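Participant: Sequence plus predicted model, see below.
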Amino acid sequence: MTAPQASQPESLVASPRSGLAVGEFCIALGALALAAVILWQTFEIPVSPLYAKVGPTVMPLFTAFGMGLLGALLMVSALRGGWQTEEEREATPDTVALFWVATGLILNVLLISQTGFALASIVLFVCTARGFGSRAIVRDALIGLAFALIAYFGFAKTLGINIGAGIIENLLERVFFGSTPN
Amino acid sequence: MHAFEQLLHGFAVALTPVNLMWCLVGTTLGTAIGVLPGLGPALTIALLLPITFKVEPTAAFILFAGIYYGAMYGGSTTSILLNTPGESATIVTALEGNKMARSGRAGAALATSAIGSFVAGTIGTLGITFLAPIVVEWALKFGPADYFALMLLAFVTVTAVLGSSAVRGLAALFFGIWLGLIGVDLQTGQARFTFGVPELLDGINVIIVAVGLFAVGETLYVASRYKSGTDEIIPLKGSLWMTREEWARSWKPWLRGTALGFPIGAMPAGGAEIPTFLSYFLEKKLSTKPEEFGHGAIEGVAGPEAANNASAAGVLVPMLTLGLPTSATAAIMLSAFQSYGINPGPLLFESQGQLVWGLIASLFIGNVMLLVLNLPMIGLWVKMLRIPAPLLYAGILVFATIGTYGITQSPVDLVLLYLIGGLGYLMRRYDFPTAPVIIGMILGPLAEQNFRQAMTISAGDWTVFFTRPISATILALALLALAGPKLLGLWQSFRMPAEPMGGDA
């Protein structure tokens, strides 16, 4: 069980159920912005007169208006103090943990096409484990490698999907399967 | 009896060594991911979707169904021993099951949930066997307008009725519908919402969205709340053999739970949460020892567990007969059908009889396997609960990444995966349900297709949805489902002023 942390005094969030809820306000704004983008992009879809009756824009228009209406309703709720439960509102997210996991994800995207998925997976694994409080970097790196290889042989070999090989993969293929990596 | 004969043919398909192997793999994997917190059947089936390019459809669906059923069994183990529900549908099991485990009766709690799951799963599968052909007969009369109405009903019920807020549920749904619209419109060939990115012309793969929301988003959320406090695993104590009294107190809740779970699951409303809650309150009301509720009443485990598994079986009825998925897992299974170029619906039973009946027969076999996997072999799964969270969640992210990256080896897909993961985190944090996104994404394009067909048939006459009796009835139901809870709430708040909700967990 995670104990809720004491909320920071600076935030407007601490005042219960009155006035503007910042987080919810941003979410509602995001929904309204999405509705606007959908609407704008819908008018970018060229419509052939042949299909004018129920062309490709009917459903997008419906979606845009639906999203807009829901965004407006969310906004009303946000302005009236938001909808989060008290427990969720009080809990401050562990930004350090989030930082580690996010770092792992970003490094993974940057590395995966350069160095192959094995090295990228190790980095992702170590960073995520660190985010969850693990400090044993060498152990995590080894387990991460094992996981990456299980996933590789599980997905690539059984499911027949091709994961681009990198430095470590080629080395291992050579060790286990002779010299021809595929 | 026609269905019975077909079922026998199904057994002939399901009992081949290869298909038995797929069933065993599916049920084992399903139990494992059900036990592990943070992994669910929707995510697992999504990651395994590429298998549809490799194996024949019958084998793939036997595997997927095994995972689906297995996760329901496995989830209850986690609820009972860890008090962290492995699956949303086993929240109620945690209420009484964990209390039983704390008082040294973990064995009995696990036994009643496994046997109850077996009873409910078997009766539920029988229900599919005999209900499905009836629904098929009825569904053959449906035109595109009726299908569109039915999909609207499903949209309303899965979002507005099941979640804590209709507005947030519908917002998630509309987001999913929009994701489903991205790509080339199949009828006119126009690109929609591709923002000039060529990778988006084929649309967004449902694997990316499901894995992003359920694996990446969930991991981010758990990380933000984790604070390295470890959950206490209660050691497995007490005999797995239930006493005579425990049997006597279990069998009626099993049957009542099944009777609640299957019909609710089979309705286009779907979802396993509602029947489990209903079953819990029903058992509390009917129990001869209501004072035990909240302190480990066996009825409170037996009933909801049965309801949960029976509704899982029920969900397969609209999925197979109407092509109407009402849970995230069913939606992903539907996309597996699409990947084979098979359209679930009334004609499926004619055109793919071997597949459908082989699948149904494998559900019976899978239930037997699951009973064995979850009772005599329970010790194995308890060990899995000891995997430390850092390694578990890091492993989930690595698997999610490799599974997604493998589809196209495109870093664009990974960026999209992580963006959707970030969105999934926000959705969890701000209490938006995530399943409607998947359902909207899969069902949205189908709804659009039916809408356009209906409009073409009626030559552009909008009233077609209200003049056809079937479609008009379904639309009226949808409206009722949307407005009903609110009216009921108003009526109740009018009748009895603010009574706090029961249930202590």
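Facilitator: Now that the structure is in, tell me what you want to look at. Numbering: from 1, shown residues only, chains lettered A, B, ... in the order given.
Participant: residues touching B:Pro376, list them.
Facilitator: Neighbour list for B:Pro376: B:Leu240 [criterion: CB atoms under 8 Å, 6 or more residues apart in numbering or on different chains]. Backbone N, C-alpha and C define where each C-beta goes, glycine included.
Participant: Which helix or which strand is home to it?
Facilitator: Using DSSP states H and E, B:Pro376 sits within no helix or strand.
Participant: Could you measure from it over to B:Met369?
Facilitator: 12 Å (CB to CB, to the nearest Å).
Participant: what about stretch B:297-315, distance to the chain center?
Facilitator: When distances are taken as CA atoms, centre = their mean, to the nearest Å, stretch B:297-315 is centred 14 Å away from the chain's centroid.
Participant: and stretch B:289-297, which residues are buried?
Facilitator: Residues B:292-294, B:296-297 are the ones in stretch B:289-297 that count as buried (16 or more other CB atoms under 10 Å in any protein chain shown).
Participant: among the residues you listed, which are within reach of chain A?
Facilitator: Checked against chain A using CB under 8 Å from any CB of the partner chain, the buried residues of stretch B:289-297 give no members in range.
Participant: A:Ala36: which of the residues you listed is nearest?
Facilitator: B:Gly294 (49.1 Å; CB to CB).
Participant: mind listing what B:Val368 touches?
Facilitator: With contacts defined as CB under 8 Å, 6+ apart, B:Val368 is in contact with B:Phe118.
Participant: now do A:Leu79
Facilitator: Contact partners of A:Leu79, counting by CB under 8 Å, 6+ apart, are A:20, A:25.
Participant: For it, report the pLDDT, please.
Facilitator: Per-residue confidence at A:Leu79 stands at 88 (pLDDT).
Participant: Likewise for B:Gly271?
Facilitator: Note on B:Gly271: pLDDT of 67.
Participant: for B:Ala154, same thing?
Facilitator: What the model reports as pLDDT for B:Ala154 is 87.
Participant: measure it to B:Met441 for me?
Facilitator: Applying CB to CB, one obtains 13 Å for the distance of B:Ala154 from B:Met441.
Participant: and what of A:Phe125?
Facilitator: 29 Å.
Participant: lowest-pLDDT helix or strand in chain B?
Facilitator: The least trusted helix or strand in chain B, going by mean pLDDT, DSSP states H and E, turns out to be helix B:469-495, with a mean of 79.
Participant: just checking, next helix/strand downstream of the longest helix anywhere in chain B?
Facilitator: Among the elements of type helix in chain B, defined by DSSP state H, the one spanning the most residues is helix B:106-139. The element immediately downstream of helix B:106-139 (helix or strand, assigned by DSSP H and E) is helix B:144-156.
Participant: who does that following helix touch, helix- and strand-wise?
Facilitator: Secondary-structure packing of helix B:144-156 (3 or more CB pairs under 8 Å, 6 or more residues apart in numbering or on different chains; DSSP states H and E): helix B:299-322, helix B:435-457, helix B:464-467, helix B:469-495.
Participant: which outside residues touch the very next helix or strand once past the first one?
Facilitator: Along the chain past helix B:299-322, the next helix or strand (assigned with DSSP H and E) turns out to be helix B:328-339. Applying CB under 8 Å, 6+ apart, the external contacts of helix B:328-339 come out as B:40-42, B:45-46, B:49, B:52-53, B:57, B:60-61, B:64, B:68, B:206, B:210, B:214, B:270, B:315-316, B:319, B:323, B:325, B:343-344, B:434-435, B:438-439, B:441-443.
Participant: before we move on, the earlier item: can you give me the buried ones in the least confident helix or strand of chain B?
Facilitator: Residues of helix B:469-495 classed as buried under the neighbour-count rule (16+ other CB under 10 Å) are B:470-472, B:474-475, B:477-478, B:481-482.
Participant: Output the contacting helices and strands for that helix.
Facilitator: Helix B:469-495 makes packing contacts with helix B:144-156, helix B:166-181, helix B:464-467 when contacts are defined by 3+ CB pairs under 8 Å, 6+ apart.
Participant: any idea of the angle that helix forms with helix B:435-457?
Facilitator: Between the axes of helix B:469-495 and helix B:435-457, defined by axes from the mean of the first three to the mean of the last three CA atoms, to 10 degrees, the angle is 140 degrees.
Participant: the inter-axis angle of helix B:469-495 versus helix B:166-181?
Facilitator: Comparing the axes of helix B:469-495 and helix B:166-181 via the same axes, to 10 degrees yields an angle of 150 degrees.
Participant: How far does helix B:469-495 sit from its chain's centre?
Facilitator: The offset between the C-alpha centroid of helix B:469-495 and the centroid of the whole chain comes to 24 Å, using CA atoms, centre = their mean.
Participant: Kindly report the same for stretch B:466-484.
Facilitator: What separates the centre of stretch B:466-484 from the centre of its chain is 25 Å, taken as CA atoms, centre = their mean.
Participant: Give me the contacts around that stretch.
Facilitator: Applying CB under 8 Å, 6+ apart, the external contacts of stretch B:466-484 come out as B:141-143, B:145-146, B:148-150, B:152-153, B:155-157, B:160-161, B:166, B:269, B:464-465.
Participant: Just the CA trace of that stretch, in CSV.
Facilitator: Taking Å, rounded to 0.1, in the frame of the first residue of the first chain, the C-alpha atoms of stretch B:466-484 are listed here in CSV:
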residue,chain,number,x,y,z
PHE,B,466,-36.1,5.0,-36.4
THR,B,467,-38.6,3.4,-38.7
ARG,B,468,-37.1,-0.1,-38.7
PRO,B,469,-38.6,-1.8,-35.6
ILE,B,470,-35.4,-3.6,-34.6
SER,B,471,-33.2,-0.6,-34.9
ALA,B,472,-35.7,1.7,-33.2
THR,B,473,-36.0,-0.6,-30.2
ILE,B,474,-32.3,-0.9,-29.8
LEU,B,475,-31.9,2.9,-30.0
ALA,B,476,-34.6,3.3,-27.4
LEU,B,477,-32.7,0.9,-25.2
ALA,B,478,-29.4,2.8,-25.8
LEU,B,479,-31.1,6.1,-24.8
LEU,B,480,-32.5,4.4,-21.7
ALA,B,481,-29.1,3.1,-20.8
LEU,B,482,-27.6,6.6,-21.2
ALA,B,483,-30.2,8.4,-19.2
GLY,B,484,-31.3,5.6,-16.9
